[in-house]
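[1] Need a 3D model of the following:
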Amino acid sequence: MDRVKGETGMILRTDEQKFKGRRGTWYMIDMDYIHGSRFYLYESEIWGDDAPHLVINDEGRVMCETFDDLHTAVEEELEYRRALAEEESKG
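    Down below sits the predicted model:
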């Protein structure tokens, strides 16, 4: 079992990783820098491609679930959060 140390000091396993509020264990299938931050894509060790993957930020928190690739998922989530913040600032 390998481990990856994030920029914030968070240690993530490359397999057999557990996430709060998620069933089973997960293994890392992708990792990349997007807009200056590191993100990780995990797949369920139990359900594989039948379940959404988890996008994890560098603090080890689940950012979103996706069936897409890492870049697409992060870009869509960031756009969603920008639009939500814009909407909240108007109202």
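
[2] Give me the three-state assignment for the spatially most central residue of the chain.
    In the chain, the centroid-proximal residue (C-alpha atoms, centre = their mean) is Val55; its distance is 1.5 Å. Under DSSP: H, G, I helix; E, B strand; the rest coil, Val55 falls in the strand class.

[3] so where does the spatially closest residue to it that is not a sequence neighbour fall, helix or strand?
    In this structure, Val55 finds its nearest non-sequential neighbour in Met63, 4.5 Å apart by C-beta to C-beta, 6 or more residues apart in numbering. To be clear about C-beta, it is placed using only N, CA and C from the backbone, and glycine gets the same treatment. Using DSSP states H and E, Met63 maps to strand 62-66.

[4] In that strand, which residues are buried?
    Buried residues in strand 62-66, defined by neighbour count with 16 or more other C-beta atoms under 10 Å: 63-64, 66.

[5] Please apply the same query to stretch 72-90.
    Buried-residue list, stretch 72-90, by 16+ other C-beta under 10 Å: 73-74, 77.

[6] Return the subset of those residues lying in helices.
    Those of the buried residues of stretch 72-90 mapping onto helices are 73-74, 77, per DSSP state H.

[7] neighbours of the closest residue in space to Val62 that isn't next to it in sequence, just the number please.
    Spatially, and ignoring its direct neighbours in sequence, Val62 is nearest to Leu54 (5.3 Å; C-beta to C-beta, 6+ apart). Neighbourhood size, Leu54 [other C-beta atoms under 10 Å]: 22.

[8] how far away is Leu54 from Arg22?
    Using C-beta to C-beta, to the nearest Å, Leu54 is found at 7 Å from Arg22.
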